[in-house]
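Asks: Show me how the following folds:
(one chain, ligands or ions: 1)
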Amino acid sequence: MNVDIIITNAFVLTMEGKGVGMMEDGAVAIKDNLIEAVGRSEDIKQSYSAAEEIDATGKLVMPGLIDAHIHTGLAIVRGVSQDINNWMQEGNWPFMKHVSADHHQKGSMMNIIEGVKVGTTTFCDYDSHMNDIVPNYAKIGARARVAELINEIPADIGDIPVGELYPFHAEIGDRKLQNNIRLLEQWHGAENGRITCMLGPHGPDMMSRELLKEVQALAEKYDTNVHMHVAQGDREIEQMVKRYGKRSIPFLDEIGYLNERLLAVHLTEATKEETELVAKRGAAMINCSGSIGIIDGIVPPLHEFIEAGGSAALGSDQAPGNNCNNMFNEMKFAAILNKVKHTDPAMFPAHLALRLVTIDAAEAVGLGEEVGSLKAGKKADLLIVDLAEPSLSPVITSPIRNIVPNLVYSAKGSEVEAVMVDGQFIMRERRLQTVDETNELQAAQAAAREISQSAECTIHPESVLLKRMEAGEL
Ligand SMILES: [Zn+2]
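Replies: Below you'll find the predicted structure:
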């Protein structure tokens, strides 16, 4: 049978079955945008003839990584708000005030490039200018599952004193909801199905109960997920208790929000009982170790959620919080932080971390039929990783195989040499194939310059960060 590409003589991590589905001397056959077959090199070579055969001796072929929660547009202010207590108001806000839709779009492209270069093929992107950002995915060729942020709060929310109840404005909520609907109408299923859309309520504290219900009805109508920050911080819990006399999770349960459609992002402040309730109701948890570690100094209850039978995935969140959007980092963070939290080196093994960015992530975000593992009939989203890089050397296969622990605890992402999405190489020999990386990064740099010039006037003269600048610490 004729196919387009066969990749042979590789270690193949299929991520099928309960473990990682490792195959030594494996091969993958690709036809159009689909995986035609996965098997032993000898068998694949016998059964298929291809226009192109790639000899992947000494390399690993694995599914592309899924970043289940990212705000790519915010990367335009990466790194301006670290190591402080009031991350949002003191750190981010003086800059975010000046970020336009155009800035978001440019920051997003820079951030998507960063992700693709370290093996991310699917981005669950959640941003307030998604209609402007989503063409980036069409252009670069990555897979995306996107949502517009919906809330009912005014743009100057950062100026509202901590502890005061957020004002809700129905017209703001309606405008943002319409943006999400426009996104769904124009992009859900676009680019050969590569781009799909979700509903994106910002958080249970940032909109009325009525609007939350409206969003849920739309998720039913479009048969898609609701992607939402849940119990993301003490500020949210305080707002909920003040407004409804209830914490976020009991409130959401009461209004019927905890179900299979919900992707509950963070659960930072969830109690054990609340965590178990979210799992029991069938909602998925998206865990962002790097971001929540840096912003809040907390390890979210991911282990507890998985123990309760919940479906989970990892996300890198926003660059001004996490600094980097690299799923290799997130795997390592999730594993190590949970080992430390529970003082148990045997818990959270490498293969679990790997599943949380591949097959388990795909299932959690509603793409389990399409991506997340290498299997005939699935979309051809895969990586070729060079095992001869120093960080992955030496390769040992017997009596113990070391590839999976090294991928999780040692790889930086720069070992990824090729990235295929939907049957097309969007990176090859570490060079992006669909966009001019230099041009895109220069455009983002120019946008960041504009924002930082404006932030000169809005940064508080008593800012801790400004003091660090003066002290020569930044
Ligand atoms: Zn987030």
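Asks: Now do the helices in the stretch 1-150 of the chain.
Replies: Counting by DSSP state H, counting those that start in this stretch, the stretch 1-150 of the chain has helices at residues 41-47, 93-96, 101-117, 130-140.
Asks: residues making contact with the second one?
Replies: The list of residues contacting helix 93-96 from outside it, by C-beta atoms under 8 Å, 6 or more residues apart in numbering, reads 74, 77, 80-81, 158-159, 320, 451-452, 455, 458-460, 463. Every residue, glycine included, has its C-beta placed from N, CA and C.
Asks: one more time with 10 Å, if that's ok
Replies: The set of residues that contact helix 93-96 without belonging to it, under C-beta atoms under 10 Å, 6 or more residues apart in numbering, is 74, 76-77, 80-81, 86-88, 103, 155-159, 320, 448, 451-452, 454-460, 463, 465-466.
Asks: Next step: the residues you listed restricted to strands.
Replies: Taking DSSP state E as the definition of strands, the contacts of helix 93-96 contribute nothing to them.
Asks: Type out the PyMOL command that picks the buried ones from those residues.
Replies: One line in PyMOL is enough to select the buried members of the contacts of helix 93-96, burial here meaning 16 or more other C-beta atoms under 10 Å:
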select buried, resi 74+76+77+80+81+87+88+103+158+320+448+451+452+455+459+465
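Asks: Restrict stretch 416-432 to CA atoms and write it as CSV.
Replies: Output for stretch 416-432, consisting of C-alpha atoms alone and laid out as CSV, is shown next (Å, rounded to 0.1, in the frame of the first residue of the first chain):
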residue,chain,number,x,y,z
VAL,A,416,12.8,17.7,19.8
GLU,A,417,14.0,17.9,16.2
ALA,A,418,10.8,17.5,14.2
VAL,A,419,7.2,18.3,14.9
MET,A,420,4.4,16.9,12.8
VAL,A,421,0.8,18.1,13.1
ASP,A,422,-2.1,16.7,11.0
GLY,A,423,0.4,14.9,8.8
GLN,A,424,2.5,18.0,8.0
PHE,A,425,5.9,18.8,9.4
ILE,A,426,5.7,22.2,11.0
MET,A,427,9.3,21.9,12.3
ARG,A,428,12.1,19.9,10.8
GLU,A,429,15.7,19.8,11.7
ARG,A,430,14.7,22.3,14.4
ARG,A,431,13.6,24.8,11.8
LEU,A,432,10.0,26.1,11.7
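Asks: quick one: buried residues of that stretch?
Replies: Buried residues in stretch 416-432, counted by 16+ other C-beta under 10 Å: 416-427, 432.
Asks: Widest-spaced pair of those?
Replies: Farthest pair in these (C-beta to C-beta) is Glu417 and Asp422. Separation: 18.8 Å.
Asks: mean confidence for the longest strand seen in the chain?
Replies: Here the longest strand in the chain is taken by residue count, with DSSP E as the criterion, and it is strand 2-13. Strand 2-13 comes out with an average pLDDT of 98.
Asks: repeat for stretch 279-288
Replies: The model assigns stretch 279-288 a mean pLDDT of 98.
Asks: Same check on stretch 69-79?
Replies: pLDDT averaged over stretch 69-79 gives 94.
Asks: how long is that stretch from one end to the other?
Replies: End-to-end distance for stretch 69-79, by C-alpha to C-alpha, to the nearest Å: 18 Å.
Asks: Would you mark the buried spots in that stretch?
Replies: Residues His69, Ile70, His71, Thr72, Gly73, Leu74, Ala75, Ile76, Val77, Arg78 are the ones in stretch 69-79 that count as buried (16+ other C-beta under 10 Å).
Asks: now, which of those sits nearest Phe123?
Replies: Comparing those against Phe123 with C-beta to C-beta picks out Ile70 as the nearest, at 5.6 Å.
Asks: pretty sure Val80 contacts Ser452?
Replies: Yes. With contact defined as C-beta atoms under 10 Å, Val80 reaches Ser452; the gap is 8.0 Å.
Asks: Tell me the residues that contact both of those two, please.
Replies: In contact with both Val80 and Ser452: Pro94, Phe95, Ile459, using C-beta under 10 Å, 6+ apart.
Asks: Quickly list what the most centrally placed residue in the chain is bridged to.
Replies: The chain has Asp67 as the residue nearest its centroid, 2.6 Å off, counting by C-alpha atoms, centre = their mean. Counting by DSSP bridges, Asp67 is bridged to Phe123.
Asks: so it touches Gly290, yeah?
Replies: No. Using C-beta under 10 Å, Asp67 is not in contact with Gly290, being 11.4 Å away.
Asks: shared neighbours of those two, anything?
Replies: Leu314, Gly315, Ser316, Asp317, Asn325, Asn326, Glu330.
Asks: Turn these into a markdown table, including pLDDT.
Replies: Rendered in a markdown table, the data for the shared contacts of Asp67 and Gly290 read as follows (pLDDT from 0 to 100):
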| residue | pLDDT |
| --- | --- |
| Leu314 | 98 |
| Gly315 | 98 |
| Ser316 | 97 |
| Asp317 | 96 |
| Asn325 | 96 |
| Asn326 | 98 |
| Glu330 | 98 |
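Asks: Now for the closest residue to Ala376 other than its chain neighbours: which residues touch it?
Replies: In space, not counting the residues next to it along the chain, Ala376 is nearest to Ala37; the distance is 5.3 Å by C-beta to C-beta, 6 or more residues apart in numbering. Contacts for Ala37 (C-beta under 10 Å, 6+ apart) come out as 1, 3, 6, 27-31, 43-44, 47-48, 374-377.
Asks: Pull out the buried residues from those.
Replies: Buried subset of the contacts of Ala37 (neighbour count, 16+ other C-beta under 10 Å): Val3, Ile6, Ala27, Val28, Ala29, Ile30, Lys31, Ile44, Tyr48, Leu374, Lys375.
Asks: Distance to Val365 for the residues you listed - can I get that in CSV?
Replies: As requested, the buried ones among the contacts of Ala37 are exported to CSV (distance: C-beta to C-beta, whole Å):
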residue, distance to Val365
Val3, 28
Ile6, 29
Ala27, 28
Val28, 23
Ala29, 27
Ile30, 23
Lys31, 26
Ile44, 30
Tyr48, 31
Leu374, 18
Lys375, 17
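Asks: any idea which of these is the one closest to Asn259?
Replies: Top of the list for closeness to Asn259, among the buried ones among the contacts of Ala37 and by C-beta to C-beta, is Lys375 at 27.6 Å.
Asks: Is that closest one in contact with Met15, as I believe?
Replies: Yes. Counting by C-beta under 10 Å, Lys375 does reach Met15; the two are 8.7 Å apart.
Asks: Give me the common contacts of those two.
Replies: Taking C-beta under 10 Å, 6+ apart as the criterion, Lys375 and Met15 both touch Gly21, Pro63, Ile359.
Asks: count of neighbours near the second one?
Replies: Other residues near Pro63 number 31, with proximity taken as other C-beta atoms under 10 Å.
Asks: quick one, what contacts it?
Replies: For Pro63, the contacting residues are 13-16, 21, 35, 119, 121-122, 354, 357-359, 361-362, 371-375, 378-383, taking C-beta under 10 Å, 6+ apart as the criterion.
Asks: got it, and the first one?
Replies: Under the criterion of C-beta under 10 Å, 6+ apart, the contact list for Gly21 reads Val12, Leu13, Thr14, Met15, Val38, Met62, Pro63, Thr358, Ile359, Ser373, Leu374, Lys375.
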